[in-house]
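**Q** no FASTA, just this:
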């Protein structure tokens, strides 16, 4: 998946743009220090089923245009997903930036998009959430940002 | 560490700006599709010793100004490091962008900087390279980029 419905719930409680500025305690997200106060950076991780790896890569090599459009409309930019086999398991790492003023609202907007929903029906079964995400019925786990240099 | 001396060797063979443009086969690096043809994105991963975690975080919460300056001088931007405990082990994930025209040359310049060398003497002992990096006497392992949306 790119973004997942439960993603919204995960961040709803913790996200406050004003509170996040240069606050390391927010973990994976913090406002950019110099260039733009309104950029929030996210680093996330999840597992990938070995038998679904090729399909996942194929999907993402030609992401549906409507999904791309919705990402942009929801104020997400510079979004990358990386793959690495670590200790015999495939892991996916995502990095993206949020430039809007209401992350929760934008994620709800994304989750309400029918094409994005269909996209998630393809991508969700490929993934193997880590325990902390699975326990919250999520796909992706947050990572803690420990360094940033603009 | 932020950048490591062996990092240079790792990419020297594979890096060719002209060859990397929109070429998924380059793995962790590819040129940005729309905004800037000269941005190369990197996603990397390494391990972190549990007993060094706090020290590593402390170092990166107040990175030495000379190290920051050198990063910028070497055409690295938007550089983040994230931390996550996965299956009982601590992993570090880095994301950064290269905007110059000669990555190998810039990394050599960074490696020649005495302050950066001292910085690496602090950070290298904190890290636990994955087997593929360790076998090449490197710290960080490349990840494969499977998706990007500007």
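**A** Structure's in. What do you need? These numbers were taken from a predicted model, which means no experiment stands behind them.

**Q** contacts, neighbours, all on C-alpha from now
**A** Fine.

**Q** those strands in chain A, which residues are they?
**A** Under the criterion DSSP state E, chain A contains strands at A:40-48, A:76-86, A:89-98, A:127-128, A:141-142, A:144-149.

**Q** Tell me which of these lies nearest to residue B:144.
**A** strand A:76-86 (5.0 Å; CA to CA).

**Q** partners of that closest one in the sheet?
**A** strand A:89-98 (antiparallel), strand B:144-149 (antiparallel) (DSSP bridges).

**Q** circling back: let me have the strands of chain A in CSV, extended by distance to residue A:55, mean pLDDT and mean neighbour count.
**A** Below are these laid out as CSV (distance: least, CA to CA, whole Å; pLDDT from 0 to 100; neighbours: other CA atoms under 10 Å in any protein chain shown):
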stretch, distance to residue A:55, mean pLDDT, mean neighbour count
strand A:40-48, 11, 98, 23
strand A:76-86, 13, 98, 20
strand A:89-98, 14, 98, 21
strand A:127-128, 11, 98, 20
strand A:141-142, 22, 97, 24
strand A:144-149, 29, 97, 22
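
**Q** Distance to residue B:147 for those - can I get that in JSON lines?
**A** JSON lines is the format used below for the strands of chain A (distance: least, CA to CA, whole Å):
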{"stretch": "strand A:40-48", "distance to residue B:147": "14"}
{"stretch": "strand A:76-86", "distance to residue B:147": "5"}
{"stretch": "strand A:89-98", "distance to residue B:147": "9"}
{"stretch": "strand A:127-128", "distance to residue B:147": "15"}
{"stretch": "strand A:141-142", "distance to residue B:147": "18"}
{"stretch": "strand A:144-149", "distance to residue B:147": "21"}
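
**Q** where does chain A come near chain B, residue by residue?
**A** By CA under 8 Å from any CA of the partner chain, the residues of chain A that approach chain B are A:28, A:43, A:57, A:60-61, A:68, A:77-84, A:86, A:95, A:130, A:142-150.

**Q** which parts of stretch A:111-122 are buried?
**A** A:111, A:115-117, A:119-120 (16 or more other CA atoms under 10 Å in any protein chain shown).

**Q** Also stretch A:51-66?
**A** A:56, A:59-60, A:63.

**Q** Just the helices from chain A, written as ranges.
**A** A:5-12, A:17-20, A:53-61, A:65-73, A:103-111, A:114-123, A:131-134 (DSSP state H).

**Q** Confidence-wise, which of those helices is weakest overall?
**A** Between the helices of chain A, the lowest average pLDDT goes to helix A:17-20, which shows a mean of 34.

**Q** Quick one, which of the strands of chain A gets closest to residue B:135.
**A** strand A:76-86 (14.5 Å).

**Q** what does the closest one contact?
**A** Defining contact as CA atoms under 8 Å, 6 or more residues apart in numbering or on different chains, one finds that strand A:76-86 is touched by A:71, A:90-100, B:28, B:43, B:130, B:142-150.

**Q** re the thing from before, of all the buried residues of stretch A:111-122, which comes closest to residue B:51?
**A** Closest to residue B:51, out of all of the buried residues of stretch A:111-122 and judged by CA to CA, is residue A:120, at 38.7 Å.

**Q** of all the buried residues of stretch A:111-122, which two lie farthest apart?
**A** Applying CA to CA across those, the maximum distance is between A:111 and A:119, 10.7 Å.

**Q** which residue sits closest to residue A:74, ignoring its sequence neighbours?
**A** Leaving out its chain neighbours, the residue that sits closest to residue A:74 by CA to CA, 6 or more residues apart in numbering or on different chains is residue A:106, at 5.0 Å.

**Q** cool, residue A:53 as well?
**A** residue A:126 is the one closest to residue A:53 (CA to CA, 6+ apart), at 7.3 Å.

**Q** Ok, residue A:48 next?
**A** Nearest to residue A:48 is residue A:127, by CA to CA, 6+ apart, at 4.4 Å.

**Q** how far away is that neighbour from residue A:121?
**A** Counting by CA to CA, to the nearest Å, the separation of residue A:127 from residue A:121 is 11 Å.

**Q** cool, and residue A:103?
**A** Taken as CA to CA, the span from residue A:103 to residue A:121 is 23 Å.

**Q** With residue A:111 instead?
**A** Taking CA to CA, one finds residue A:111 at 12 Å from residue A:121.

**Q** Equivalent analysis for residue A:43, please.
**A** Here residue A:43 is placed at a distance of 23 Å from residue A:121 (CA to CA).
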